[in-house]
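**Q** give me a 3D structure for the following:
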Amino acid sequence: MSKYNNNNNINSFEKPFTVAIVGRPNVGKSSLFNAILKRRLAIVHEMSGVTRDRIMAPASFKGKHFQIVDTGGLGVFAKEKRKVDRWDQGIRTQIDAAIEDADALILVVNVQEGICPLDKEVAKYIRKTGKQVYLAANKVDDPGHERLMADFTSLGFKNMFPISCLHRRGIEDLLYRTVRSVKSNKELEEENKLASFNIAVVGRPNVGKSSMVNRLIGEDRVMVSEVAGTTRDSVDIDFHLKLNDEEIKATLIDTAGLRKKAKVSDAVEMFSVMRANDAIKRANLILFLIEASKDGVTAQDKRIAALIQESGKGCVIVANKWDECKKVEADKKVVLDEIKYQMPQMNYAPVVFASAMTGFNMDSVLDYVAEVKSQSEVSVPTSVINKAIEDAFLRNSPPVIGPRPFKIYYSTMINNEPPHFVLFVNSTKYCAANYLKYLNNYFRDHFQFLGWPIRIELRDRPKKIESIRSKKTSVSRSVSPEKRAADKRRGIKGSTRRREAAQKRNKRHRR
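**A** Down below sits the predicted model:
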């Protein structure tokens, strides 16, 4: 039984037809997962045991929608007790959960290495489930490799398919048989078209991100360990989130801990950091986890804060492990003031003190998520913005740093995520940097936008087009070709002719 109690604000996502990919380590499960999705979602590396958590993603084939699940490699025997580390035990737990939820299983083996005892162990393990199993013989990169498939008939599965994830061969035949029983679900198709509200949980290593995800979901969905770097892939978890009496489709993204670049030691960790950065880019809202401490935040916390602020995403700061911080008799107000002092660029983000392990104050976390989401739907009318700018000018006039004073003609709001205002001015060069910060702070006080950074863009207003009536134009009287030829014979030049014509006009004017 899970130690995480179900949260009333979160409902489990309606499960579509689910296919789980299983097998021993380093046979190409993640490569097949990426090939089915036609994009790189899971980390692929030649090192064994890269995948730890189960990774889910929606997929489609020939108009049929289903969910594909990548799992870690089953690297130990069922009766083996010695040399079983925490990762092997955690991976087995994740595989058990994936198999239990799956409607069909794809067992991946390596043709070039042949059948091995662990393949037999996995086959025996999943045969007991009684579920439909499709054997994918991977790394059939050459037609001569197909004859090696005969060895795998001893595993007892009649549905065998030669595939090559490297060359993308045989995968369509495998999917056709795997999802042929899936009916075309129009409701699921329409639901997949709806934009999901993505919530990414980010922070430095070992601040409790996976524990927070499990607490929000209400089950042991991702692996938790006190060892930094437990999470490698970014794990997407679909669910229905109840916010303000409204149920919305949402995706919770557990990410790997973001470390300083100089401390990223291997390729797998580098890919993990890349996946975490990508999760920030596709998120609508970020739960930024820091460790509650009377010493404030670390240098890496500040770097992550700068990354979040630059991304323009909505943010809620969660000061996790508050139960441990209270043991040292830390005052909440002192800790809060220290956090705000050390991360001034995040002054727009609310700070919540919580504990993922005990469940303390988790309702407040969801309340702030709801508030920040509602702020993203606010649109300020142009008239209200211009009135605020007028008040800001009356309170504090801009300094003159150019040949002319800085002027704002009008402003408008062009985006909500984040709130983006465009100010049309006489010249962007006339605006001092400190005055732009003053306008940003004034907009913050005036419009709030809790949890969102405010973007103010200055644009030069186009110069007025001079009216054609205001231009001085010279009117030239047309001269017939015969007149011009006669003047040429008489030796009268064009300038002389124009002078004579002007004299005649002046005489008429004097009369």
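
**Q** dump the residue contacts of residue 111.
**A** By Cβ atoms under 8 Å, 6 or more residues apart in numbering, residue 111 lies in contact with 137-140, 145, 148-149, 152, 162. C-betas here are computed from N, CA, C, even on glycine.

**Q** just the buried residues from the residues you listed, in PyMOL please.
**A** Provided next is the PyMOL selection string for whichever of the contacts of residue 111 are buried by 16 or more other Cβ atoms under 10 Å:
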select buried, resi 137+138+139+140+148+149+152+162
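
**Q** among the contacts of residue 111, which ones are in strands?
**A** Within the contacts of residue 111, residues falling in strands by DSSP state E are 137-138, 162.

**Q** tell me the spacing between the residue lying closest to residue 295 once chain neighbours are set aside and residue 294.
**A** Distances taken as Cβ to Cβ, 6 or more residues apart in numbering place residue 338 nearest to residue 295, at 7.5 Å, with adjacent residues excluded. The spacing between residue 338 and residue 294, counted by Cβ to Cβ, to the nearest Å, is 7 Å.

**Q** residue ranges with poor pLDDT in the stretch 301-450 of the chain?
**A** 329 (pLDDT under 70).

**Q** now do the strands in it.
**A** 314-320, 351-353, 408-415, 420-425 (DSSP state E, counting those that start in this stretch).

**Q** ditto for the stretch 101-250 of the chain
**A** Going by DSSP E, counting those that start in this stretch, the stretch 101-250 of the chain shows strands at 104-110, 132-138, 160-162, 197-202, 235-243, 246-254.

**Q** which one, of the strands of the stretch 301-450 of the chain, ends up nearest to residue 300?
**A** strand 314-320 (14.6 Å; Cβ to Cβ).

**Q** given the closest one, what are its sheet partners and their directions?
**A** strand 285-291 (parallel), strand 351-353 (parallel) (DSSP bridges).

**Q** just want the angle from that strand to strand 197-202.
**A** Orientation check (axes from the mean of the first three to the mean of the last three Cα atoms, to 10 degrees): strand 314-320 against strand 197-202 gives 40 degrees.

**Q** what comes into contact with strand 314-320?
**A** 207-208, 211-212, 284-292, 308, 325, 335-336, 339, 346, 348-356, 365, 368-369, 372-373, 375-376, 417-418, 451-452.

**Q** in helices, which of those residues appear?
**A** Here DSSP state H is the test, and the contacts of strand 314-320 give 211-212, 308, 325, 335-336, 339, 365, 368-369, 372-373, 375 as lying in helices.

**Q** returning to that earlier point: okay, the strands of the stretch 301-450 of the chain in CSV with mean neighbour count next?
**A** Listed next are these as CSV, based on neighbours: other Cβ atoms under 10 Å:
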stretch, mean neighbour count
strand 314-320, 27
strand 351-353, 21
strand 408-415, 15
strand 420-425, 18
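
**Q** need the pLDDT of residue 173.
**A** Looking at residue 173, its pLDDT reads 90.

**Q** just give the number of residues close to residue 457.
**A** Residue neighbour count, defined by other Cβ atoms under 10 Å, stands at 13 for residue 457.

**Q** what are the bridge partners for it, then?
**A** Beta-bridge partners of residue 457, as defined by DSSP bridges: residue 422.

**Q** my guess is residue 65 contacts residue 19, does it?
**A** No - the pair residue 65 / residue 19 is not scored as a contact, 11.5 Å apart, by Cβ atoms under 8 Å.

**Q** quick check: end-to-end length of stretch 448-456?
**A** Terminal residues of stretch 448-456 are spaced 15 Å apart (Cα to Cα, to the nearest Å).

**Q** what sits up against that stretch?
**A** Counting by Cβ under 8 Å, 6+ apart, 285, 309, 312, 314-316, 348-350, 368, 371-372, 375-376, 378, 415, 417-421, 423, 436, 439-440, 443-444, 447 sit against stretch 448-456.

**Q** for PyMOL, what selects the buried ones among those residues?
**A** To isolate the buried members of the contacts of stretch 448-456 in PyMOL, using 16+ other Cβ under 10 Å:
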select buried, resi 285+309+312+314+315+316+348+349+350+368+371+372+375+376+418+419+420+421+423+436+439+443+444+447
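
**Q** just the buried subset of the ones in helices among the contacts of strand 314-320, please.
**A** Buried subset of the ones in helices among the contacts of strand 314-320 (neighbour count, 16+ other Cβ under 10 Å): 211-212, 308, 325, 335, 339, 365, 368-369, 372-373, 375.

**Q** out of the residues you listed, the closest to residue 36 would be?
**A** residue 212 (29.5 Å).

**Q** now residue 237. Nearest residue, chain neighbours left out?
**A** If the residues on either side of it in the chain are set aside, residue 237 comes closest to residue 252, at 4.6 Å by Cβ to Cβ, 6+ apart.

**Q** ok, the buried ones among the ones in helices among the contacts of strand 314-320 vs residue 117, which is closest?
**A** residue 211 (35.6 Å).

**Q** more neighbours: residue 338 and residue 294, which one.
**A** residue 338 (16 against 12).

**Q** for the more buried one, what are its contacts?
**A** 294-297 are the contacts of residue 338 under Cβ under 8 Å, 6+ apart.

**Q** list just the nearest of those residues to residue 127.
**A** Of all the contacts of residue 338, residue 297 has the smallest distance to residue 127: 51.3 Å, by Cβ to Cβ.

**Q** the closest one against residue 342, yeah?
**A** Yes - checked against Cβ under 8 Å, the pair residue 297 and residue 342 is within contact range at 5.1 Å.

**Q** of those two, who's got more company?
**A** Neighbours were counted for residue 297 and for residue 342 using other Cβ under 10 Å; residue 297 has more, 22 against 16.

**Q** how much space separates that one from residue 314?
**A** 20 Å.
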